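Participant: Here is my input, please return the structure:
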Amino acid sequence: MDIESRAQTFETALRRAGIRITRQRAALLRVLASTDDHPDASQLYARATEAGAGVSLATVYRTLAALEAQGVIHKLEFEGAAARFEPADGKHHDHMIDVETGEVMEFVSERIEKLQAEIAAELGYEIVRHRLELYVRRKP
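Facilitator: Now for the predicted structure:
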């Protein structure tokens, strides 16, 4: 999804939640829509501030909570780190988290997806949803 469409999706979600779209909030939504990483609230605040949004950190947190409640972003809570956020409009993927740098990387593995489905089926279940997080470190 392109940045403009994603920002519009976020704005529509906030309106559905009864939240007024101020100039500052619209700028924050554009910053969030343009991310290709997994920023936390403080990083989004810094990026929005750098873009001249003049938004408060409290507004960033309220906006993220509303967007999450509307289902248009995912809140990712990795061990030992602040919650991070990503748009919910992408294809399913899993995450690898570098324990030394905090970098979050997305990956897709059809083998892992197939194996998870097989394990669930063997135990008499079907997968409704799942998250896979691998905590990694570069080999020396």
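
Participant: burial of P39, as a residue count?
Facilitator: 20 (other CB atoms under 10 Å). Placement of C-beta: from N, CA and C, glycine included.

Participant: what's the pLDDT at it?
Facilitator: Looking at P39, its pLDDT reads 95.

Participant: List the contacts of it.
Facilitator: With contacts defined as CB atoms under 8 Å, 6 or more residues apart in numbering, P39 is in contact with L32, R47, R84, F85.

Participant: just H95 next, same as before
Facilitator: Contacts for H95 were tallied using CB under 8 Å, 6+ apart; they are H38, L76, F78, V104, M105, E106, F107, R131, L132, E133, L134.

Participant: between the residues you listed, which has the most around it?
Facilitator: Ranking the contacts of H95 using other CB under 10 Å puts H38 first, with 21 neighbours.

Participant: Tell me the spacing between that residue and R84.
Facilitator: 4 Å (CB to CB, to the nearest Å).

Participant: anything in contact with each of those two?
Facilitator: Shared contacts of H38 and R84, defined by CB under 8 Å, 6+ apart, comprise L76, V104.

Participant: which residues sit in contact with the nearest residue to A82 once chain neighbours are set aside?
Facilitator: Nearest residue to A82, sequence neighbours excluded (CB to CB, 6 or more residues apart in numbering): D40, at 4.0 Å. D40 is in contact with A81, A82, A83, R84, F85, counting by CB under 8 Å, 6+ apart.

Participant: again, only using 10 Å
Facilitator: Neighbouring residues of D40 by CB atoms under 10 Å, 6 or more residues apart in numbering: A46, V60, L64, L76, F78, A81, A82, A83, R84, F85, G102.

Participant: so the second one, which of the three states?
Facilitator: Right, V60. Assigned state for V60: helix (three-state reduction, DSSP: H, G, I helix; E, B strand; the rest coil).

Participant: Can you give me the neighbour number for it?
Facilitator: The number of residues packed near V60 is 26, by other CB under 10 Å.
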